[in-house]
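Have a look; sequence and predicted model below, questions after that.
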Amino acid sequence: MLNFVDTVVDAVAGIKDGSTVMIGGFGNAGQPFELIDALLECGAKELTVVNNNAGQGDQGLALLIKEGRVKKMICSFPRQSDSWHFDAKYKAGEIELELVPQGNLAERIRAAGAGIGGFFTPTGYGTMLAEGKETRIIDGRGQVFETPIHADVALIKALRADGKGNLVYRKTARNFGPIMAAAAKHTIVQVAEIVPTGGLDPENVVTPGIYVNSIVKVAGSGNTAEKAA
């Protein structure tokens, strides 16, 4: 059931300790900063977070990690020049890491939304990333079996929603949002604008409203770093 909420705090109020939370974004582009700040405020802890990165600088996901709210990261790029909070926590043994190659990460999330039980991929075969996983030789090439990544909640950012919860995104801010919306039990979306039903061109809808549970309008939500993307 679709729910339009008044504030980001109300939107994330139901997230519980120990939840698996997918957070959209590729770096800053498409990262739902206001929803993440509200998650920090609501106090949920022991979270498993699925994201392309492990936070950057001193905002968004990086603050969740800094404050010790994240027990495990599932991501592709945990270390970059400004991911110092994750780096410090990991070196101190205060956070777990499941490293997933980016293509595998996207496909594992997509598989969860599509109801697929898993898939074979050559990526990671013969490396530490394949340890403990089923492997096969298919058409003469080594393959690793990867399982879907499901989530309790997805926090994503879109540009615009209509009255039925259909979503469109701004350029590269689209990134992981559509597949995360399908892979989570409950999808929470922050948007810059809400238009009446019928106000979106059906040909431009990326995420159908069937995958959306809660929507909150955030002023200026479409005017952050991804404007240049």
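Good, I have the coordinates.

Tell me the secondary structure of the closest residue to Gln143 other than its chain neighbours, please.
Ranked by C-beta to C-beta, 6 or more residues apart in numbering and with sequence neighbours excluded, the top spatial neighbour of Gln143 is Phe120, at 3.9 Å. For the C-beta atoms, the positions are set from N, CA and C on the backbone; glycine is no exception. What DSSP: H, G, I helix; E, B strand; the rest coil gives for Phe120 is strand.

what are the bridge partners for Phe120, then?
When bridges are called by DSSP bridges, Phe120 pairs up with Phe145.

For Gln190, see how far away it is.
Taking C-beta to C-beta, to the nearest Å as the measure, Phe120 falls 36 Å from Gln190.

which residue lies farthest from the center of this structure?
Distance from the C-alpha centroid of the chain peaks at Gly140, with 34.5 Å (C-alpha atoms, centre = their mean).

on that earlier part again, have a look at Phe120 and Gln190 and say which one is more surrounded.
Neighbours per residue, other C-beta atoms under 10 Å: of Phe120 and Gln190, the larger number sits with Gln190, 25 against 15.

Checking that one next. Helix, strand or coil?
From three-state DSSP, the assignment for Gln190 is strand.

Tell me how far it lies from Val216.
From Gln190 to Val216 the distance is 5 Å (C-beta to C-beta).

Next, show the common contact partners of the two.
Val8, Ala11, Leu35 (C-beta atoms under 8 Å, 6 or more residues apart in numbering).
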